[in-house]
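Participant: quick one, fold the following:
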Amino acid sequence: ALEGRPASSFEFSFYVHGGTVVDMLLSACPRRGTPDSDDAISGAMFFGLDLTERKALSNANMVRLAAEAASQAKTEQLSFLCYEIKDPLHQVMANVERLEQGALDGEQAELVGTTQQCCTQLLKILNDVVDLSKLEEGQLQIEESEFDMA
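Facilitator: Got it, this is the predicted structure:
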């Protein structure tokens, strides 16, 4: 600053009593003008700015953005996986329905029925996961429908 250059700024961190870290921005610029000479450098002016809170907010914002991006990626991956599982599941359900139409003994009919129930439960779970994914993405559409509570 005393060499007549424009303002210089330095960012640094230091520890204060108790181990707390303080981030500072220190700016220095020449002080010009005295009663004797208008253009001569008569000293330097220093300005300090505590950046600790600003940096903490910036870091918190970066963490929040990273968490949102990770959540979005998880939601998209879950939705994709559910659709990938649903296609073969529909094929299994169609094959089980064909088996039900054939001549089955008691044990075979029970196995086919159990398989059909398991497939239906799995399909409901997959649909619920897809609905949750849509809800997180803001794409869930609510439908109105009448039903009987009796």
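
Participant: what does the average pLDDT come to for the lengthiest helix in the chain?
Facilitator: Longest helix in the chain, counting residues (DSSP state H): helix 52-101. On average, the pLDDT along helix 52-101 is 91.

Participant: center of this protein - which residue?
Facilitator: E68 (1.2 Å; Cα atoms, centre = their mean).

Participant: quick check: it vs G48, distance?
Facilitator: 34 Å (Cβ to Cβ, to the nearest Å). In short, each C-beta sits where N, CA and C put it, glycine included.

Participant: mind giving me the packing neighbours of the longest helix of the chain?
Facilitator: strand 21-32, helix 106-137 (3 or more Cβ pairs under 8 Å, 6 or more residues apart in numbering; DSSP states H and E).

Participant: ok, and for the last one, which residues are buried?
Facilitator: Using 16 or more other Cβ atoms under 10 Å as the test for burial, helix 106-137 gives V112, T115, Q116, C119, L123, L126, V129, V130, S133, E136.

Participant: with adjacent residues omitted, what lies nearest to the last one?
Facilitator: With Cβ to Cβ, 6 or more residues apart in numbering as the criterion, E136 has its nearest non-adjacent residue at 4.7 Å, and that residue is T75.

Participant: rebuild the buried residues of helix 106-137 as JSON lines, extending it with distance to F10 and pLDDT.
Facilitator: Formatted as JSON lines, the buried residues of helix 106-137 follow (distance: Cβ to Cβ, whole Å; pLDDT from 0 to 100):
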{"residue": "V112", "distance to F10": "77", "pLDDT": "90"}
{"residue": "T115", "distance to F10": "72", "pLDDT": "93"}
{"residue": "Q116", "distance to F10": "73", "pLDDT": "92"}
{"residue": "C119", "distance to F10": "67", "pLDDT": "93"}
{"residue": "L123", "distance to F10": "63", "pLDDT": "92"}
{"residue": "L126", "distance to F10": "58", "pLDDT": "91"}
{"residue": "V129", "distance to F10": "53", "pLDDT": "88"}
{"residue": "V130", "distance to F10": "54", "pLDDT": "86"}
{"residue": "S133", "distance to F10": "48", "pLDDT": "82"}
{"residue": "E136", "distance to F10": "44", "pLDDT": "78"}
